[in-house]
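S.K.: Provided below are the primary sequence and the corresponding predicted coordinates.
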Amino acid sequence: QAQLVESGGGLVQAGDSLTLACVSYRHTYGSDAMGWFRQAPGKAREFLAAVRWGSGISWYSDFVKDRFTISREMLRNTVYLQMNSLKPEDTAVYYCAAGPGTGSTGSDAIYGYEHWGQGTQVTVSS
């Protein structure tokens, strides 16, 4: 079973940048897609971005594609989420996930991921 560990969260100010990392310690067959999600208090978990290990193809939610960039470093089994121009509404717990992926960017995207990390808190102050 894949084990995912996120890092890089913290407290930043509006306009700052932050890069999250997710290490996959036990990459499993069928978990070709690595995704980033977030969940704010009282809200549903929402898809942000994903990338395929093999091809490097990535896809994004419309509301972050101009500010966030997902990338992978295969030798380190690590996926990154670079976040620029952060806003207070970006405050949430950010989760890394692994699975076959569906290509969806909507609320049903979560069903394409079977393995989840514990999350890392990102807080953006105004």
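M.R.: In hand now; what should we look at?

S.K.: check which helix or strand covers the residue most central in space within the chain.
M.R.: Nearest to the mean C-alpha position of the chain, by CA atoms, centre = their mean, lies Trp36 at 1.7 Å. Following DSSP states H and E, one finds Trp36 within strand 33-39.

S.K.: quick one: least confident helix or strand in the protein?
M.R.: The weakest-scoring helix or strand in the chain, judged by mean pLDDT, DSSP states H and E, is strand 115-116 (a mean of 93).

S.K.: beyond that one, next helix or strand please.
M.R.: strand 120-125.

S.K.: ok, that next one: who's next to it in the sheet?
M.R.: strand 10-13 (parallel), strand 92-99 (antiparallel) (DSSP bridges).

S.K.: and the contacts of the longest one?
M.R.: Taking contacts as CB atoms under 8 Å, 6 or more residues apart in numbering, the residues outside strand 92-99 that touch it are 2, 4, 6, 9, 20, 22, 24, 27-28, 30-31, 33-40, 43, 45, 48, 79, 81, 110, 112-122. C-beta: built from backbone N, CA, C; applies to glycine.

S.K.: packing partners of the strand holding Trp36?
M.R.: Contacts defined by 3 or more CB pairs under 8 Å, 6 or more residues apart in numbering; DSSP states H and E place strand 33-39 against strand 18-24, strand 46-52, strand 68-73, strand 78-83, strand 92-99.
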